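Student: Build the 3D model from these lines:
(2 chains)
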Amino acid sequence: ETGVTQTPRHLVMGMTNKKSLKCEQHLGHNAMYWYKQSAKKPLELMFVYNFKEQTENNSVPSRFSPECPNSSHLFLHLHTLQPEDSALYLCASSQEGSGNEQFFGPGTRLTVL
Amino acid sequence: AQSVSQHNHHVILSEAASLELGCNYSYGGTVNLFWYVQYPGQHLQLLLKYFSGDPLVKGIKGFEAEFIKSKFSFNLRKPSVQWSDTAEYFCAVNAWNQGGKLIFGQGTELSVKP
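Tutor: Numbering: from 1, shown residues only, chains lettered A, B, ... in the order given. Now for the predicted structure:
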């Protein structure tokens, strides 16, 4: 498989559930990103990992917890979310550094009831 | 803080019409600039990018964009659109000293009528 894959593609969860989103890249990149895409709003960068180290946390609430065990995998652990967290969550990867193209996955459509 | 503004939220054109989508950013330093496109049901993908040199950048599918530094703008153009260009278009800015951090605009939805 090539590119950036994300699972699950759709997720419905209650506010008390714990779930995880998974992202995998097959491009040999060393930087990975989580974005939140809500309707009528710009894509919001949530987290950046370079060489498995978190280098950016864009004031994201602690109910979102990222994990990057290696350069190819990125997780987003979800716990006690709110309905306003319902959105499309996109993962991307690139070579580390400025100006490099980011390759995006298809996203996970999350609905919080 | 950096920001990106796309003035057109929804543009509707007929086939063969010319397209220009506006993008302005706020950042005083050196930037890299991108246009991404999201076709219905598909991933975000890169249309074109500007790093340095010629401010007129050509991308895939006949798109081009012009970087005007004095206006902090990076408008996207295509002389003649096709129905298959129906998609959402996102402008993004990367400051040279902020690694891979991209700041996106809110997107412009383009609908092309056959």
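Student: Could you measure from A:K40 over to chain B?
Tutor: 7 Å (C-beta to the nearest C-beta, to the nearest Å). To be clear about C-beta, it is placed using only N, CA and C from the backbone, and glycine gets the same treatment.
Student: for the residue lying closest to that residue once chain neighbours are set aside, helix, strand, or coil?
Tutor: Residue nearest to A:K40 in three dimensions, not counting chain neighbours: B:Q106, with 6.8 Å by C-beta to C-beta, 6 or more residues apart in numbering or on different chains. Secondary structure assignment for B:Q106 (DSSP: H, G, I helix; E, B strand; the rest coil): coil.
Student: Run through the residues that contact B:Q106.
Tutor: For B:Q106, the contact set (C-beta atoms under 8 Å, 6 or more residues apart in numbering or on different chains) comprises A:K40, A:K41, A:P42, B:S5, B:Q6, B:H9.
Student: need the strands for chain B, in chain order.
Tutor: For chain B, the strands defined by DSSP state E cover B:3-5, B:10-14, B:19-21, B:24-26, B:31-38, B:44-50, B:56-58, B:64-68, B:73-78, B:87-95, B:103-104, B:108-113.
Student: Kindly reformat the ones you listed as a markdown table containing mean neighbour count, distance to chain A and mean pLDDT.
Tutor: A markdown table is the format used below for these (neighbours: other C-beta atoms under 10 Å in any protein chain shown; distance: least, C-beta to the nearest C-beta, whole Å; pLDDT from 0 to 100):
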| stretch | mean neighbour count | distance to chain A | mean pLDDT |
| --- | --- | --- | --- |
| strand B:3-5 | 17 | 7 | 93 |
| strand B:10-14 | 13 | 10 | 97 |
| strand B:19-21 | 19 | 15 | 97 |
| strand B:24-26 | 16 | 12 | 95 |
| strand B:31-38 | 23 | 4 | 95 |
| strand B:44-50 | 19 | 4 | 94 |
| strand B:56-58 | 14 | 13 | 96 |
| strand B:64-68 | 18 | 13 | 96 |
| strand B:73-78 | 21 | 14 | 97 |
| strand B:87-95 | 23 | 5 | 94 |
| strand B:103-104 | 22 | 4 | 92 |
| strand B:108-113 | 16 | 10 | 96 |
